[in-house]
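Trainee: Task: produce atomic coordinates for the following.
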Amino acid sequence: MADTSFSSVGYLNDRETMVDLLNNEAIARTIVKLISEKSENPITIGVHGDWGAGKSSILEMVHQSLSKDERVLCLKFNGWQFQGFEDAKIALIEKVVHGLIEKRSLLTKAKGVVEDLLKSLDWMKVAKKGGKLAASAMTGLPFLDIGDIFDTVADKVSSVVQDEDQRTKALDEIKDLKKEKTENATSTHNIPKEISAFRKTFKKLIGAADIDRLVVLIDDLDRCLPETAIETLEAVRLFVFLDKTAFVVGADERMIEYAVRRHFPNLPEGADDQNYARSYLEKLIHVPFRIPALGDTETGIYVTLLLLGAALGEDNDKFDRLLKLGRSALAKPWEGDGLKEADLKIVLGERFDELKSILITAEQISPVLSAGTKGNPRQIKRFLNTLAMRLAVADARGYGDAIEHARLAKLMLAEMFSHDAFAVIAKSAVHSQDGKSRELALLEALAAGKLSTSTVDTGDDAEHGTRTTVDPVPDDLRDVLTSWESQSDVLRWARILPNLGDTPLKPYLFVIKDRKNYFDVDAPLTQAQSALVASLTSGQIVAASAEVDLKKLTPPDIEAIFKALRIQVQALSSLEAKPPAIVGLGAMVKALPGLQERYIEILEGLPVSRLGAWAATGYDLFITSDGAKARLAKLLEKWKRDGGPLLRAALAQRDKTPARKKAER
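Mentor: The predicted structure is shown next:
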């Protein structure tokens, strides 16, 4: 059976799901158990975790479970959906009130209680619209006069509402409500009484609803702006001491603490704003649950189940059996076994060979994907979706066999999680003739222990009486490789199979250029780079004096300066005299021996018929590697045949020198 392409798995939905690939059902069951206890005491539960950790899915599991109980009314509220449209505090209160009324048919069962509660709710809306004067009506902080609040709202309506009919209608409603409230008021201290009255009326409504629990699930609070988040929490505080109520708040607690600090910018001198924000949240959230990040083993299981679920279909019987395998492995992640191939073969049966490439990819990328995403499920899905999308686009563009999904996946891991290393590798591949990155090949050898940033003595070989050493890295790349060697995440990435050091990367860079096009024209030289190019083209002595500075260059700097000098040489119409840029290139090669063969490539591209006598000599000081020497010798023989009279004569004279004759002997 044909191998199933990774790109065929399609888009991995990022919405909350009831298919539990993370074994978070244990958290959901625990929350349901807490809420379902016979005690009528109010409870507020926090489901905390980073953005994308799975909070929404847990809340969805809680909702599905509680909705089966007729004695429980479970409502869902998403503060993010109301952000920017209406007051989040009022929106949540309305959601709770109207949800309770509609789902328990209380308009007929408790008509008087419902009417009183809706009037209180209408008054809260008006009070809220009074701006800062009435903003604390829901918290009961200052004692304000109701007349002042309604007058403020009326003034705002008169100045903002342009339509005369709408303005008149709104003012009449405010006037009627003001009259009703001021007639019943016994003092100016009546706003807290309105809140107290609302709570008492709401308690009656819960009694009329004949339920054991009212549960409100609040999601995406950490996506909201600080003001919206605080307003929602303040609304929760209005209900939090009412019997039979339970709130489950899904949010990254760090974002909520940030919102609290923003809401209270003027804390007393000496107060610790971070501790204050944490205390605020702790007083509101009675029972916190934090979703742990996925480790290497858990990420491997999650990625495998995601991809197989997409390939098989989540309603497939085989996938149900895979889920059981995954949950069994996730029950003991510390053992590090993950999903075993033997078990997968049994479950997948005849489809195992078809899906094997997906399993291999999951196994290969999971360790670094775990580190790069810090075990965040949403980030993992985003990576896999991007990988599948790019493979599909590459296939549509006809790139065909030039792209292998395992190699693309490895390169993308560096692109997304090791940006600096990837930039160096991409540039070196683009500027190399064969599209391979020399830096990457050396990095992979270094990560595998085949190279060292210094000569390493591995000890005696007793059998042969010799000592072996690990090869040192080339001098021109020692600095960058030493830097990478100190970065555990880069080394970890380099150890992922397959190795890419011998892979032409240009096709892959075309596939991923949706984020950055590494084939674009290079940026202008920096001031420091331009100064060094000027020194290298200012004659033999000045160029030679730049050796110390050349050895300190980073790979991107080397590439930019080398290219600038090469362009100067190639732009010349006359090559009778030695170009200053050739002198500079020679100085670069002497300081950075790794450039020797690239220097020979430049010579090979020069028009031999226009070369002067200078081209016959001057290479012995910096062309020292065997490979570069062989290429140079072959090139000089060609110049002897095809060069102009002056060049041929200079080459003949070169061959007669005593040093040359001695070297040939």
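Trainee: what's the closest non-adjacent residue to the most centrally placed residue in the chain?
Mentor: By C-alpha atoms, centre = their mean, the chain has its centre lying nearest to Gln379, at 5.7 Å. The spatially closest residue to Gln379, leaving aside those adjacent along the chain, is Thr373, at 3.7 Å (C-beta to C-beta, 6 or more residues apart in numbering). For the C-beta atoms, the positions are set from N, CA and C on the backbone; glycine is no exception.
Trainee: What is the burial count for the one you found?
Mentor: When counting by other C-beta atoms under 10 Å, one arrives at 23 neighbours for Thr373.
Trainee: distance of it from Ala591?
Mentor: Note on Thr373: its distance to Ala591, by C-beta to C-beta, to the nearest Å, is 41 Å.
Trainee: Check Leu225 too.
Mentor: According to C-beta to C-beta, Leu225 stands 55 Å off from Ala591.
Trainee: For those two, work out which one has more neighbours and name it.
Mentor: Neighbour tally, Leu225 and Ala591, criterion other C-beta under 10 Å: the higher count belongs to Ala591, 22 against 15.
Trainee: Surely the residue nearest to the centre of the chain touches Gly52?
Mentor: Yes. Counting by C-beta atoms under 8 Å, Gly52 is a contact partner of Gln379 at 6.0 Å.
Trainee: Helix, strand, or coil at Leu339?
Mentor: Secondary structure, DSSP: H, G, I helix; E, B strand; the rest coil: Leu339 is coil.
Trainee: List phi and psi for it.
Mentor: When read as degrees, to the nearest 10, the backbone of Leu339 gives phi -90, psi 120.
Trainee: How about Arg278: what's its closest non-neighbour residue?
Mentor: Per C-beta to C-beta, 6+ apart, closest to Arg278 is Glu257, 5.8 Å.
Trainee: Quick check: the one you found vs Ser56, distance?
Mentor: Per C-beta to C-beta, Glu257 is found 20 Å from Ser56.
Trainee: Lys552 now?
Mentor: 51 Å.
Trainee: In terms of packing, which of the two has more residues around it?
Mentor: Taking other C-beta under 10 Å, Lys552 and Ser56 do not tie; Ser56 has more neighbours (20 against 9).
Trainee: Pull out the buried positions in the helix or strand hosting that one.
Mentor: Element membership for Ser56, per DSSP states H and E: helix 55-66. Buried residues in helix 55-66, defined by neighbour count with 16 or more other C-beta atoms under 10 Å: Lys55, Ser56, Ser57, Ile58, Leu59, Glu60, Met61, Val62, His63, Ser65, Leu66.
Trainee: Equivalent analysis for stretch 365-376, please.
Mentor: For stretch 365-376, by 16+ other C-beta under 10 Å, it's Ile365, Ser366, Pro367, Val368, Leu369, Ser370, Ala371, Gly372, Thr373, Gly375, Asn376.
Trainee: can you list the domains in the chain?
Mentor: Split into domains by automatic domain parsing, the chain comes to 21-87+211-292, 105-197, 296-511, 527-664.
Trainee: As TSV, those domains with mean pLDDT and distance to His98 would be great.
Mentor: Listed next are these as TSV, based on pLDDT from 0 to 100; distance: least, C-beta to C-beta, whole Å:
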stretch	mean pLDDT	distance to His98
domain 21-87+211-292	81	9
domain 105-197	57	9
domain 296-511	82	32
domain 527-664	88	61
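Trainee: can I get these in JSON lines with distance to Val97?
Mentor: Listed next are those as JSON lines, based on distance: least, C-beta to C-beta, whole Å:
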{"stretch": "domain 21-87+211-292", "distance to Val97": "10"}
{"stretch": "domain 105-197", "distance to Val97": "6"}
{"stretch": "domain 296-511", "distance to Val97": "33"}
{"stretch": "domain 527-664", "distance to Val97": "62"}
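Trainee: for these, which one sits closest to Glu94?
Mentor: With C-beta to C-beta as the measure, domain 105-197 is the member of the domains of the chain nearest Glu94 (6.6 Å).
Trainee: Let's see the distance spanning the closest one from one end to the other.
Mentor: Using C-alpha to C-alpha, to the nearest Å, one end of domain 105-197 lies 22 Å from the other.
Trainee: Could you do stretch 101-112 as well?
Mentor: First residue to last in stretch 101-112 (C-alpha to C-alpha) measures 12 Å.
Trainee: just stretch 599-613 next, same as before
Mentor: 18 Å.
Trainee: same thing with stretch 600-610?
Mentor: From its first residue to its last, stretch 600-610 covers 17 Å (C-alpha to C-alpha).
Trainee: Now find how far off-centre that stretch is within its chain.
Mentor: Stretch 600-610 sits 47 Å away from the centroid of its parent chain (C-alpha atoms, centre = their mean, to the nearest Å).
Trainee: What are the contacting residues of it?
Mentor: Contact partners of stretch 600-610, identified using C-beta atoms under 8 Å, 6 or more residues apart in numbering, comprise 433, 566, 569-570, 574-576, 585, 615, 623, 628, 631-632, 635, 638-639, 642-644, 647.
Trainee: do that again at 7 Å, thanks
Mentor: For stretch 600-610, the surrounding residues in contact (C-beta atoms under 7 Å, 6 or more residues apart in numbering) are 433, 566, 569, 575, 585, 628, 631-632, 635, 639, 642-644.
Trainee: most neighbours, which of these?
Mentor: Result: Leu585 is most packed of those (other C-beta under 10 Å), 26 neighbours.
Trainee: and the spatially closest residue to it that is not a sequence neighbour, what does it touch?
Mentor: Excluding the flanking residues, the one nearest Leu585 by C-beta to C-beta, 6+ apart is Leu565, at 5.0 Å. Neighbour list for Leu565: Val533, Leu536, Ala581, Gly584, Leu585 [criterion: C-beta under 7 Å, 6+ apart].
Trainee: how about a cut-off of 6 Å?
Mentor: Residues in contact with Leu565 (C-beta atoms under 6 Å, 6 or more residues apart in numbering) are Ala581, Gly584, Leu585.
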